[in-house]
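Asker: Sharing a sequence plus its predicted fold:
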Amino acid sequence: MAEITKGRMAMGWNEDLERIALQEYELQLPRFDAEVAWELGSRLRTMAADRKLAIVIDVRRFGQPLFYAAMEGTTPDNVEWVAAQNNVVVRFLRSSYAIGLKEKIKNESLVESQGLSSADYATHGGAFPLAVTGEA
């Protein structure tokens, strides 16, 4: 029974991976600078406020923070958590959720497969790479 359940979860995880890959491919910006980061962050903050979400929004360019907002209900620990998720995106150029799913499918963690610290790399959903059209 456990093998059947694991197989079903893996099928769902693979579907999620396909969706995320499509999002990462399609969600490209024509340009990315401080103004775009502020507009993006502001829109996300408005959506989070409307939905009463306890999230942190952190928009960066090559490690430089361009927009940061911590919504009601977040804690000081979220600063480190977001940094660990961002580390995954910077290292693998994929969303933290996609990398986490790939590790789940292999039944591994980044500690096991890459030798990375779980304190410094968080593979839970939340961090997403921003791509600019025409740039690698």
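Answerer: Arrived safely. Numbering: from 1, shown residues only.
Asker: Let me know the next secondary structure element after the strand or helix carrying residue 99.
Answerer: Element membership for residue 99 (DSSP states H and E) is helix 96-105. Under the assignment DSSP H and E, the closest C-terminal helix or strand after helix 96-105 is helix 110-114.
Asker: Identify each buried residue in the helix holding residue 99, please.
Answerer: By 16 or more other Cβ atoms under 10 Å, the buried positions in helix 96-105 come out as 96-103. Any C-beta I mention is one placed from the backbone N, CA and C, and that applies to glycine too.
Asker: And the contacts of it?
Answerer: 9-10, 13-14, 16-17, 20-21, 24, 85, 88-89, 92, 109-110, 113, 122-128 (Cβ atoms under 8 Å, 6 or more residues apart in numbering).
Asker: Would you mind checking these for buried ones?
Answerer: 13, 17, 20, 24, 85, 88-89, 92, 110, 122-123, 126-128.
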